[in-house]
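>>> Kindly return the folded structure for what I paste below:
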Amino acid sequence: MSQFSATDFDAKAYFNNRPSYPDSLYDLIDQYHRGSRKLAVDVGCGPGVATFQLAARLNSFDKIIGTDVSNTMVERARSRKNDNSGKYTQVSFEVSSAESFSFLSTSQIDNKSLDMITAVECAHWFDFDKFQRAAAANLRKGGTFAIWGYSDAFFPEYPKIDSLIMELTYDEEHGFGKYWDQPGHTILRSMYRDLHLDSNLFTDVQVGYFMEDEIRSKEHVKNEPVPFFMSKFITLGQYQEFLKTWSGYHTWRHLHPNAEKDITDEFIDRILEVYPELSRSSTVQVCWRSFYKFARAL
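Now for the predicted structure:
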């Protein structure tokens, strides 16, 4: 996670090239949540991708605070808010670790004052036990604890790319395998299956996992849409820019400043060898494995 806090990390590119989350997911959260909607906190908000979506889709919340340990990310989120002057008046951002809610007023801290806490594509970087205890201390009884994210990508119409993505992501010699911060990336790969919510702190747990076999078929997506279907139509060149937002790529680039060829260029070249009908400007559908965990505070 330290790469995201680096001053040279491109938070703007992260915001522009990372996938967003579908309305169907926010519908699930909206239906799950019970009770008042005064204050929500989006922990590990990065440049505000999900924070702004929460504000737009759950506009019944009086206030939403996005927090992140990275000043680089928070400044980008604040800049994004300023670029949309008047649109996200209920949203603010604070620099804070996942386990700290010290940005709240003295009367609110650890006093079960929050209606919702979210953590999106970030909980694998946290000390999860400390985080969920802090969340439980700050959520009102019945308040919503919602965690979600995505893992490996796949191209529904081009299945031969799957193995190339796996090699790029996990191979120790030819990919990013040795450049990820661990154990965080392994936790993400397993889609948080090993991050267990404490039954002494939370109840009414709902979990969803969505894999390739559920959504690879276009017909299936059309007739039986999955609740959390992450998909984006982009060019291969744009997908390459997405790869460059990875923390593993950030580490690789720093360790190979004089590389003859960028590792992501090599990856795209391999795709074009397998599918010569494609080019860097070809538009393709990219999907991601996705997951969520919802719970209510006791």
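>>> What helix or strand is residue 67 located in?
Element membership for residue 67, per DSSP states H and E: strand 63-68.
>>> How about residues contacting that strand?
Defining contact as Cβ atoms under 8 Å, 6 or more residues apart in numbering, one finds that strand 63-68 is touched by 38-46, 48, 51, 54-55, 74, 77, 90-96, 98, 103. All C-beta atoms are positioned from the backbone trio N, CA, C, and that covers glycine.
>>> go on, stretch 85-97?
Stretch 85-97 is contacted from outside by 45, 48, 51-52, 55, 59, 61-71, 74, 77-78, 81, 102-103, using Cβ under 8 Å, 6+ apart.
>>> Need the buried ones from the residues you listed selected in PyMOL.
A single PyMOL command selects the buried members of the contacts of stretch 85-97 (16 or more other Cβ atoms under 10 Å):
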select buried, resi 45+48+51+52+55+61+64+65+66+67+68+69+70+74+77+78+81
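>>> can you give me the strands for the stretch 101-250 of the chain?
For the stretch 101-250 of the chain, the strands defined by DSSP state E, counting those that start in this stretch occupy 114-120, 139-154, 202-210, 230-235.
>>> hey, which of the ones you listed is tucked in deepest?
The highest mean neighbour count among the strands of the stretch 101-250 of the chain, using mean count of other Cβ atoms under 10 Å, belongs to strand 114-120: a mean of 25.
>>> Which elements pack onto that strand?
strand 39-43, helix 49-57, helix 128-138, strand 139-154 (3 or more Cβ pairs under 8 Å, 6 or more residues apart in numbering; DSSP states H and E).
>>> returning to that earlier point: kindly export the strand holding residue 67 (C-alpha atoms) in PDB.
The C-alpha coordinates for strand 63-68 follow below in PDB (Å, rounded to 0.1, in the frame of the first residue of the first chain):
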ATOM      1  CA  LYS A  63     -23.000  13.600   5.200                       C
ATOM      2  CA  ILE A  64     -20.300  11.300   3.800                       C
ATOM      3  CA  ILE A  65     -16.700  11.400   4.900                       C
ATOM      4  CA  GLY A  66     -14.000   9.700   2.800                       C
ATOM      5  CA  THR A  67     -10.700   8.900   4.600                       C
ATOM      6  CA  ASP A  68      -7.400   7.600   3.400                       C
END
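>>> What pairs with it, parallel or antiparallel?
Its sheet considered, strand 63-68 pairs with strand 39-43 (parallel), strand 91-95 (parallel) by DSSP bridges.
>>> what's the closest of those to residue 160?
With respect to residue 160, and counting by Cβ to Cβ, the nearest of the strands paired with strand 63-68 is strand 39-43 at 37.3 Å.
>>> Buried residues, that closest one. List them.
39, 40, 41, 42, 43.
>>> And for stretch 167-179?
167, 168, 169, 170, 175, 176, 179.
>>> tell me which of these is nearest to residue 24?
Here the nearest of the buried residues of stretch 167-179 to residue 24, counting by Cβ to Cβ, is residue 169; it sits at 26.1 Å.
>>> Correct me if wrong: the closest one contacts residue 176.
Yes - when contacts are counted by Cβ atoms under 8 Å, residue 169 is listed as touching residue 176 (6.0 Å).
>>> list the residues that contact both of those two?
Counting by Cβ under 8 Å, 6+ apart, the common neighbours of residue 169 and residue 176 are residue 248.
>>> residues near residue 192, how many?
Using other Cβ atoms under 10 Å, residue 192 is surrounded by 23 other residues.
>>> Report the secondary structure element holding residue 259.
For residue 259, there is no host helix or strand (DSSP H and E).
>>> Number of residues surrounding the closest residue to residue 184 other than its chain neighbours?
Closest residue to residue 184 apart from its sequence neighbours, by Cβ to Cβ, 6 or more residues apart in numbering: residue 124 at 4.4 Å. Residue 124 has 26 neighbouring residues, counting by other Cβ under 10 Å.
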